[in-house]
Every structure is written in C-alpha cells, then in structure tokens.
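[1] pasting the sequence and the predicted model now:
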Amino acid sequence: MDDNLPAESIVPIAVVLDERTGYTLWAPPWEEDGEEWQAFLGTGGRIHLFTTPAQLIHFLGMDTEHDLDDHPAWPAVLTWSKRQLVPDDDYVFDLDAVYDLATGGPDRWSVGELADAVDMVERMADCCDVEAVEDHLRKIPGLGLLDSGHEVFSTRAGDKAWMEVAEGLAEHWEPVLEALSGALHWVEPVELPDDDEEEADETDDDSIDDVVGATVLRGGALVGVEDSTEQSRAATEFWESVGILPVRLAFAEGSGLTLRCYVEDTARFLGRELTVDVFRSADGLSSFVEEGEPNDLAALATWGAVVEADADPIPADEDSYDFGQVTDMLDGTANHWDVALLGQVGEAALDLAEYCHLERVSDLLAPDTELGAAMADVQNGDDDDERPAESEVAVLAEQWHEVVAQISSCLRWHD
C-alpha cells in the first residue's frame, strides 16, 4: 500500500473476510478547513461492502447519502466504470490470510501484506469508533515493527519479535475481526442486467479528470501513469523465494547491479576472491549468470533455480544504495540533508566490508566514530533532519570518502 497517496484522493479497495470479498471506497487522510479527515463509503458509523464492482457502481448511481458525499474527488468517482472500481492488488486486504502470513517466514511480501492488513483494519476501526480493535491490537508485542519492513526480523532478536507477533495475532486477531464486523455493512446484492455482472468493461482510462484540483486514483494508481508493478512484483517474488536479491550500487562514476544474500546472518555477494561483480546493465548480469561463471553464490542450493529462471534483476527501493548521493550530501553539493539515507547506504557499506574483508571500513562505521555514531542514531530512531555544524559535517565527509574509496577497490565492473 502506498504511504504517499496524493491528497484528496479516493481509492477502490477490497476486503476479504470470512471467505467473502467486499468492495468499497476509501478516502485516505485529507485536510479540510484546517482539520484532517479520513473516510470510507458508508454511513452511520458503518462501512458499506458490496459483493461485486457492478453492485458498487449501481449504488453510486442511486444518489444515496453517505460519508464521501462532500469529498473533493467525489464528482469524478461518479463517472467511473466497473473496470475503474476494481482495486489494484496492493489494495486488496485479505484479513482471512493474516494467520497464514503470521505463521510463515518474515519475507518482504509477508511482512508488507501483514502490515497493510493491520493498518487498514485500524483505519476502518478508527473511522467507525470501534475502540475494541485498538484495545486488542495494543496487546500484541512488536506489532509496530511491521511498519519498519522485513529487515528488522532478519536477526536473532528479529526472529523472537516475529514469533511474538505471530503468537499475539493467534490470540487477538479473531476478537479484532469480531469487533470490526459490527461496523461492516454487507449490502444485499440487487438483481442487475446480465451485462452489468459480466467482466469489467474496456473503458478508456487515458484521460485524467480535472476536479477542483483533486486527484482520483483508479485501480490504485494515478490515471495516465504506466504501472509496472505486476512485472516488478513477479520478479521480486522469485528472488525472495530463492533467498537472493538484486542490488543496485550507485557511485559518482555510475551505477550497476549485483546480487546479495545472507548466509547465517553474513552478507554474501555475487563475486569471488573478496571482490564483488557489478554489472552496468541487467542484460550483462543475466548473461553472466546464464554462462555459469564461477562465483561465491554458486554453492547455494537455490542457485540452480536462478540460472534456469532468467528472472529480471529488478532491485527493490530498499536494495538500491546511492553512495554518490551521500557523498554529495556530505560535501554540501546537494540541496538536502537526509541522515536516513546515510543510515541505509551505510548498512550496504557494512555488508560489502564484511564480504570483501575491508576492516578499515568496518572500523570507520563502528559506533565509536562520528560516522558510525550518526548511523547508530538512525537505527535507534534518534536521527535529526537538521544539518549539523559544518565542522561536524567535514569530519563525516572525510570518513565517508575513505569508506567509498575502500569499497570501490573491491568492485569488479562489467558492461
């Protein structure tokens, strides 16, 4: 689920509960008259759920009062077709699947889907004033860690936290759903012409409605914006399944792709002899893998699947590390200060130092150095968005330049 939805948008969503799928509309938080609002299609403290998009579109044509009547984007919603009311996969919340997600391993998709399901339940309960939902969720230790992504569960402490989340959901999720169910109104289907219940039509989606500055989301994405989410998701699911992930490394001289996994919490990259193989193109990386070049990942049990699959090496945002951007920030040539970026790229630097046996880099990023302390602040949630004094930044920049120089020495570039 996108955390950065445009203001004043309306999103079609679907909720799976008790083996039924209900379709409705959600208006993410927007500001009006100095106050923040959030709403669902419903009335009287209950959310309407429809059995099909056709049933939903029939309701929209009935001119019935509801909680989205005065939303800035509502006039545009009235022009939507059934196709435009079919939610994007990222906006289908399977509340029945929470048990299976919690009992499985904490990979990127399971953690993300679990976090989204819990978040949407909290939003629905908040709009409908169902306090019992929050009362139960508050009793689950570590539930808030879901928003931090799957990486927080990759350590021994993370394993324990994941078990606590799973056990807490096993105990509290059923009463959560029971409490929420009272705020859900499953609208009785009406008889519609056969053609209204057929597969969604092929209405042209290329135009963007101009509705008093409001942005309307169709199928979970901005109208007119090409979406490659499905392709990326399919590729990422494959890489997750084999336990090896594509990584992008960017430096002032250019960027490239490689592969990384963790073996007993130790980083291992596509490479050999303490040197990482980095490719300037996805085709170059794919060819290297297909040709069976010797490398330190070849001994993994899942490497054969990588060679045979020919999957696109599409790195996730969290697996893309821009060393050059951190350099620009510390040198003062970038018009921003983002210490979280330093923390993210610094973690990649530690992984590379571990694989390449770069002891100097590990020393420079240790908590007892200025650079390591800044990274530790990010990890502890104590990061400050204010740019430090120039004298402090100069020390960070000097140490960072040495880190980059050391790491550059252990990269083997390919076209």
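    Noted; the coordinates are in hand.

[2] just the CA atoms of stretch 268-287, as PDB, please.
    Output in PDB follows, covering the C-alpha atoms of stretch 268-287 (Å, rounded to 0.1, in the frame of the first residue of the first chain):
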ATOM      1  CA  ARG A 268      27.500 -12.800   0.500                       C
ATOM      2  CA  PHE A 269      27.600 -11.200  -2.900                       C
ATOM      3  CA  LEU A 270      27.900 -12.300  -6.500                       C
ATOM      4  CA  GLY A 271      31.600 -12.300  -6.700                       C
ATOM      5  CA  ARG A 272      34.800 -14.300  -5.800                       C
ATOM      6  CA  GLU A 273      38.200 -13.700  -4.300                       C
ATOM      7  CA  LEU A 274      36.800 -11.000  -2.000                       C
ATOM      8  CA  THR A 275      35.600  -8.900  -5.000                       C
ATOM      9  CA  VAL A 276      32.000  -8.100  -6.000                       C
ATOM     10  CA  ASP A 277      31.000  -8.400  -9.600                       C
ATOM     11  CA  VAL A 278      28.900  -5.400 -10.600                       C
ATOM     12  CA  PHE A 279      27.200  -5.000 -14.000                       C
ATOM     13  CA  ARG A 280      26.200  -1.800 -15.700                       C
ATOM     14  CA  SER A 281      23.200  -3.400 -17.300                       C
ATOM     15  CA  ALA A 282      20.600  -6.000 -16.400                       C
ATOM     16  CA  ASP A 283      21.500  -8.000 -19.600                       C
ATOM     17  CA  GLY A 284      25.100  -8.100 -18.500                       C
ATOM     18  CA  LEU A 285      24.200  -9.600 -15.100                       C
ATOM     19  CA  SER A 286      21.800 -12.100 -16.700                       C
ATOM     20  CA  SER A 287      24.400 -13.200 -19.200                       C
END
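
[3] mean confidence (pLDDT) on that stretch, please.
    Mean per-residue pLDDT for stretch 268-287: 95.

[4] i'd like the first residue to be 24 from this point on
    Sure thing, new numbering starts at 24, so read that last one as stretch 291-310.

[5] which other residues reach that stretch?
    269-270, 272, 277-285, 311, 316-320, 333, 335-337, 374-375, 378-380, 433-438 (CB atoms under 8 Å, 6 or more residues apart in numbering). C-beta here means a position set from N, CA and C on the backbone, and glycine is covered the same way.

[6] and that stretch, how far out from the chain middle?
    With CA atoms, centre = their mean, to the nearest Å as the basis, stretch 291-310 stands 26 Å off its chain's centre.

[7] where exactly do the helices run in the stretch 324-438 of the chain?
    326-332, 346-354, 362-379, 382-387, 393-402, 413-431 (DSSP state H, counting those that start in this stretch).

[8] could you dump the ones you listed into CSV with mean neighbour count, distance to residue 57 and mean pLDDT added?
    Below are these laid out as CSV (neighbours: other CB atoms under 10 Å; distance: least, CB to CB, whole Å; pLDDT from 0 to 100):
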stretch, mean neighbour count, distance to residue 57, mean pLDDT
helix 326-332, 15, 53, 89
helix 346-354, 20, 34, 91
helix 362-379, 20, 29, 92
helix 382-387, 16, 48, 95
helix 393-402, 18, 33, 84
helix 413-431, 16, 37, 94
